[in-house]
Structures are given as structure tokens and as C-alpha cells.
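Participant: Below are the sequence and a predicted model for it; my questions follow.
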Amino acid sequence: MDTRDRVIVGTLWFSVAAVMALTLEPAIPSTVSEGARLFVVVVALSLSVLYIFDPWGLLSRQPFH
């Protein structure tokens, strides 16, 4: 995966995290659905960092090709 593709996919994941973060209340999650939304935000942010910065070279090595 080249740099341009990684930036596009990372931006999409960041956008998913931003949209889901808009649905969160500014307090500690008190229900299961709020906890699940917070989990989705954390996973989406993690994936965006992975795709944009590629910290361990996982995407540039292409281990699954």
C-alpha cells in the first residue's frame, strides 16, 4: 500500500472517529451503548494512526501479498 492510499484510508478512519465522537456525551459512559460508541471511537482512532503513520512498517512491507 503506497503512501497516498494509506493517507486516504487513514483520513476515512479519522472521519469515522470524528462522527462517532459527536454522538458521545461529555461525561463518563454510563450505559453499554455509550461504552460501545467510545470503543468504536478508540478503535477508529487507532486504525487511523496505523494507516497514516505506519509505525511498525506493517503496511509498507505488505506481509499478506
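Facilitator: All right, it came through fine.
Participant: element containing the most centrally placed residue in the chain, please.
Facilitator: Nearest to the geometric centre of the chain sits residue 44, at 2.2 Å (CA atoms, centre = their mean). Per DSSP states H and E, residue 44 falls inside helix 32-53.
Participant: neighbours around residue 10, how many?
Facilitator: 19 (other CB atoms under 10 Å). In short, each C-beta sits where N, CA and C put it, glycine included.
Participant: ugh, wrong one, residue 54
Facilitator: The tally of other residues near residue 54 (other CB under 10 Å) stands at 16.
Participant: so what's it closest to, chain neighbours aside?
Facilitator: residue 60 (5.7 Å; CB to CB, 6 or more residues apart in numbering).
Participant: give me the low-pLDDT residue ranges for this protein?
Facilitator: For the chain, applying pLDDT under 70 flags the ranges 62-65.
Participant: Kindly recompute the last result at 80.
Facilitator: Along the chain, segments meeting pLDDT under 80 span 1, 56-65.
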